[in-house]
Structures are given as structure tokens and as C-alpha cells.
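Novice: the following block contains a protein sequence and its predicted model.
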Amino acid sequence: MAKSKKKIEVVHLVCSETGDRNYTILKKAGRPKLELRKYSPRLRKHTVHTEKRK
């Protein structure tokens, strides 16, 4: 029996303050949306980044 292939999506992390797409990650389909504190080069500080699909 063949294994089922799991879907992997390309997701961008968007800064909540500037709206810039600073990071690109691979994520398994069907997971809840990510919300992480990452570094924003424009603001030169850590801000909340949320997931946005292409």
C-alpha cells in the first residue's frame, strides 16, 4: 500500500506594523495560522508577524 503524500504549503510571514513580507516558510496543510515574534529590518526591532498565503 502506498503512503499518502502530505501537502506542504509555501507561506509568507507578514509584519503586522509595516505589512512587509520578511520571511518565507514551508508549512504542512491543515495547521492553524502562525503568529510569531520575528525581527523586522525596517523597524529594527522584533514585531508580531502573521501568516499570509500567496
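Specialist: Thanks, I have it.
Novice: geometric centre of this structure: which residue is closest?
Specialist: Leu13 (3.5 Å; C-alpha atoms, centre = their mean).
Novice: what ranges do the helices span in the chain?
Specialist: Counting by DSSP state H, the chain forms no helices at all.
Novice: look up how far Glu35 lies from the nearest residue to Val14 once chain neighbours are set aside.
Specialist: Residue nearest to Val14 in three dimensions, not counting chain neighbours: Lys52, with 4.6 Å by C-beta to C-beta, 6 or more residues apart in numbering. Bear in mind the C-beta positions are built from the backbone N, C-alpha and C, glycine included. Using C-beta to C-beta, to the nearest Å, Lys52 is found at 11 Å from Glu35.
Novice: could you report the neighbour count for the nearest residue to Thr47 once chain neighbours are set aside?
Specialist: Nearest residue to Thr47 in three dimensions, chain neighbours excluded: Ser40, at 4.7 Å (C-beta to C-beta, 6+ apart). Residues lying near Ser40 (other C-beta atoms under 10 Å) number 18.
Novice: any idea how far Ser40 is from Val14?
Specialist: From Ser40 to Val14 the distance is 10 Å (C-beta to C-beta).
Novice: need the residues touching each of the two.
Specialist: Asp20, Asn22, His49 (C-beta atoms under 8 Å, 6 or more residues apart in numbering).
Novice: turn these into JSON lines, columns for neighbour count and pLDDT.
Specialist: Formatted as JSON lines, these follow (neighbours: other C-beta atoms under 10 Å; pLDDT from 0 to 100):
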{"residue": "Asp20", "neighbour count": "16", "pLDDT": "96"}
{"residue": "Asn22", "neighbour count": "16", "pLDDT": "95"}
{"residue": "His49", "neighbour count": "23", "pLDDT": "98"}
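Novice: looking at those residues, which is nearest Gly30?
Specialist: His49 (20.7 Å; C-beta to C-beta).
Novice: the closest residue to that closest one other than its chain neighbours and Lys5, how far apart?
Specialist: Excluding the flanking residues, the one nearest His49 by C-beta to C-beta, 6+ apart is Leu13, at 4.0 Å. Separation of Leu13 from Lys5 (C-beta to C-beta) stands at 25 Å.
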